[in-house]
Structure formats: C-alpha cells, structure tokens
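Chemist: no FASTA, just this:
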C-alpha cells in the first residue's frame, strides 16, 4: 500500500452512515480495520441517486486528491435510484448503469482506482423495491466485471441478514443501527477490501 493513500467514499445515506448511534457507519468501521496510512473523505449525502452522485463527484473529489499520490474512489449508490416517486422510479436501471459507466471511465482518465459497493436493501421498500435493487446490483456487478473494476455485493446478503433487517425495521425502515453497519462492513472487508487497498495503482 502506498504510504499516502487517499480514499474518497461517495454515495448516499448508507455511505454517510445515517442511523448509526456511534456515527461510524460502514465507512468508519472499514477504515478502523484497514490500518494506518489512509486519508479518508466521506462524501455520502442522504437521498442521493446515481445522477446526483455523478453531478457532484468530481468537483468534490478533485480538491481531496493529490498528484503523485495513490488516489482511490469508493462508489456506492442505487438504493435511491430504485425508489418509486410519483409513479416512476427515480432513476431507471439503464440510466443508473450509464452513470456508473461514466464515473468509472472518468476515474480511469484521472488515474483514480475505483471500487464499487452494491446498493444495500431498503427493508420497508417491499418486495418490488428489493427486486429492482437486486437486478440493478447484478447489472452493476456485470458492468464492473467488464471494466475490471472490483465490485462487492451486499443486496441479497443484507436482505437476508437478521441484524440488518431487525435494526432497519426498528428504525426508519431503511437504515440500520450499529449492528447492521457492522454486518455491512464485514461483507466489504471479506469481499476483497484488503486486496484492493494493497493493490498498487498504475
């Protein structure tokens, strides 16, 4: 790992860690398990879709990276894209995938090494929201695979996780407490996080 490793985490309220009484979310827990030498920036914003993230990404990331440094970008969105408002999904699946593709292409152009975390499920969204989110996550994984970008799946695993579902149900229906975020952090750590941060960038 580069001695000066900078990681920007960009996405929605799950990236921000909403609902965690410890104010660490999964990002804080993953970083705590990653050792020293990382400068991290949490750029999660509640209710953000992939379109929102794409719109603001580079103006927020650019001031936080340095030339001749190991710059990384963790991207996680999709749960809000799949929400139905006024009879329509907020961002349809094809548009979300286009947004992700553009982020990955721009990351490569800027020599920033990306990692994509799949969208967590929204427990009170019901079966249809879960179906849309699972389908989106599968397509995101396929897109990342075609670009040789690591992807860590979370949707199905958390939808079946009793800690995540119990805490989210007891809260606002979407966001878990500390136990749920710990489960998400474990999925990410076990899903290839350490090998990703250890991989030298070109």
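Modeler: All right, it came through fine. None of the values given here were measured: they were computed from a predicted structure. Numbering: from 1, shown residues only.

Chemist: Show me how far stretch 58-71 is from its chain's centre.
Modeler: A distance of 18 Å separates the centroid of the chain from that of stretch 58-71, by C-alpha atoms, centre = their mean, to the nearest Å.

Chemist: again with stretch 80-91
Modeler: Relative to its chain's centre, stretch 80-91 lies at 19 Å (C-alpha atoms, centre = their mean).

Chemist: Give me the contacts around it.
Modeler: Stretch 80-91 has contacts (C-beta atoms under 8 Å, 6 or more residues apart in numbering) with 12, 47-51, 92-93, 96, 99, 119, 122, 125, 128-129, 132-133, 136. For glycine as for every other residue, the C-beta is placed from the backbone atoms N, C-alpha and C.

Chemist: If we use 7 Å, what do you get?
Modeler: Identification of contacts with stretch 80-91 by C-beta atoms under 7 Å, 6 or more residues apart in numbering yields 12, 47, 48, 49, 50, 51, 96, 125, 129, 132, 133, 136.

Chemist: So which other helices or strands are in contact with whichever strand or helix holds the last one?
Modeler: Assigned by DSSP states H and E, residue 136 belongs to helix 126-146. The helices and strands touching helix 126-146, judged by 3 or more C-beta pairs under 7 Å, 6 or more residues apart in numbering; DSSP states H and E, are helix 93-109, strand 151-152, helix 155-159.

Chemist: Report the buried members of the contacts of stretch 80-91.
Modeler: With neighbours counted by 16 or more other C-beta atoms under 10 Å, the contacts of stretch 80-91 contain buried members at 12, 48, 49, 50, 51, 96, 125, 129, 132, 133, 136.

Chemist: coming back round to it: is it possible to export the helices and strands packed on helix 126-146 to a markdown table including mean pLDDT and distance to residue 198?
Modeler: Formatted as a markdown table, the helices and strands packed on helix 126-146 follow (pLDDT from 0 to 100; distance: least, C-beta to C-beta, whole Å):
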| stretch | mean pLDDT | distance to residue 198 |
| --- | --- | --- |
| helix 93-109 | 98 | 19 |
| strand 151-152 | 98 | 15 |
| helix 155-159 | 98 | 23 |
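
Chemist: so which of those comes closest to residue 75?
Modeler: helix 93-109 (5.9 Å; C-beta to C-beta).

Chemist: Quick check: buried residues in that closest one?
Modeler: Going by 16+ other C-beta under 10 Å, helix 93-109 has these buried residues: 93, 96, 97, 98, 99, 100, 103, 104, 106, 107.

Chemist: Can you tell me which of the buried ones among the contacts of stretch 80-91 is nearest residue 159?
Modeler: The closest of the buried ones among the contacts of stretch 80-91 to residue 159 turns out to be residue 133 (C-beta to C-beta; 8.4 Å).
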